[in-house]
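Enquirer: okay, sequence plus prediction incoming.
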Amino acid sequence: MTWLDKPVSDRAVYKLIKQRQIRSIVEIGLGDGKRCENLIAVAQRFSEEKVRYTGVDLFDSSESSSPLKLIEMHRRLKGIDAKTQLVPGDIGSALPRIANSHLRTDLILISSGYDREQFSMVKSFLPRMLHPSSLVLIQNKEDGAFKKLSRLEIEKSVNGSQEIRKAA
């Protein structure tokens with residue numbers, strides 16, 4: 001997956017998971033669901049602990065361009081030996097709901113379809129979910145590349161001393 005998977009931007013994420021031995025992942029915006037299965041597979045291969053994965057998506061919502069069925073994703077993830085959770089909703093409604101139960105998350109991955117306005121209103125929940133070496137990856141809408149942000153960069157952004165450059 002780190003060499004041949006499509007889209008190319010996902011390869012960097014898989015390499016990052018391998019290098020850092022990521023054990024807990026929150027993904028916002030699942031797309032077709034294929035990447036989430038790959039994220040878990042790579043994390044399981046290189047982590048000694050059981051992987052914890054949470055996927056946030058609009059799922060069956062008519063607002064979604066290609067609605068992913070919640071029940072279908074549950075079925076796909078049921079056979080995977082990881083602690084998985086699926087949370088219906090957009091970034092604005094889901095992030096506040098899951099923040100306190102996802103402390104010390106290693107990786108938060110935000111797909112390109114997120115609503116920037118909603119994100120700016122709820123990004124203050126991110127620091128409580130992170131530990132000092134956590135990463136937040138925000139996907140660029142134009143080229144699909146991910147912008148990597150540390151906990152410190154997120155905290156500065158939340159405190160107003162630095163603004164997160166537009167990633168999408």
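Expert: Great, that's in hand.
Enquirer: and the longest strand for the protein?
Expert: For the chain, the longest strand by residue count, based on DSSP state E, is strand 130-139.
Enquirer: rounded mean pLDDT for the first helix or strand past that strand going along the chain, please.
Expert: Counting by DSSP states H and E, the next helix or strand C-terminal to strand 130-139 is strand 146-150. In this model, strand 146-150 has a mean pLDDT of 94.
Enquirer: now what about strand 146-150, what contacts it?
Expert: 9, 12-13, 16, 109, 134-140, 157, 164-165, 167 (Cβ atoms under 8 Å, 6 or more residues apart in numbering). Every residue, glycine included, has its C-beta placed from N, CA and C.
Enquirer: then stretch 70-89?
Expert: Against stretch 70-89 from outside (Cβ under 8 Å, 6+ apart): 30, 33, 36-37, 40-41, 43-44, 50-61, 94, 97-98.
Enquirer: still on that earlier bit, buried residues of the longest strand of the chain, list them for me.
Expert: Across strand 130-139, burial judged by 16 or more other Cβ atoms under 10 Å covers 130, 134, 135, 136, 137, 138, 139.
Enquirer: now do it against strand 146-150, angle only.
Expert: Orientation check (axes from the mean of the first three to the mean of the last three Cα atoms, to 10 degrees): strand 130-139 against strand 146-150 gives 160 degrees.
Enquirer: quick check: mean pLDDT of strand 130-139?
Expert: 96.
Enquirer: likewise stretch 9-24?
Expert: Here stretch 9-24 scores 92 as its mean pLDDT.
Enquirer: buried ones in that stretch?
Expert: Buried residues in stretch 9-24, defined by neighbour count with 16+ other Cβ under 10 Å: 9, 10, 13, 14, 16, 17, 18, 20, 22, 23, 24.
Enquirer: which two among those are spaced furthest apart?
Expert: Within the buried residues of stretch 9-24, two members stand farthest from each other by Cβ to Cβ: 9 and 23, at 22.3 Å.
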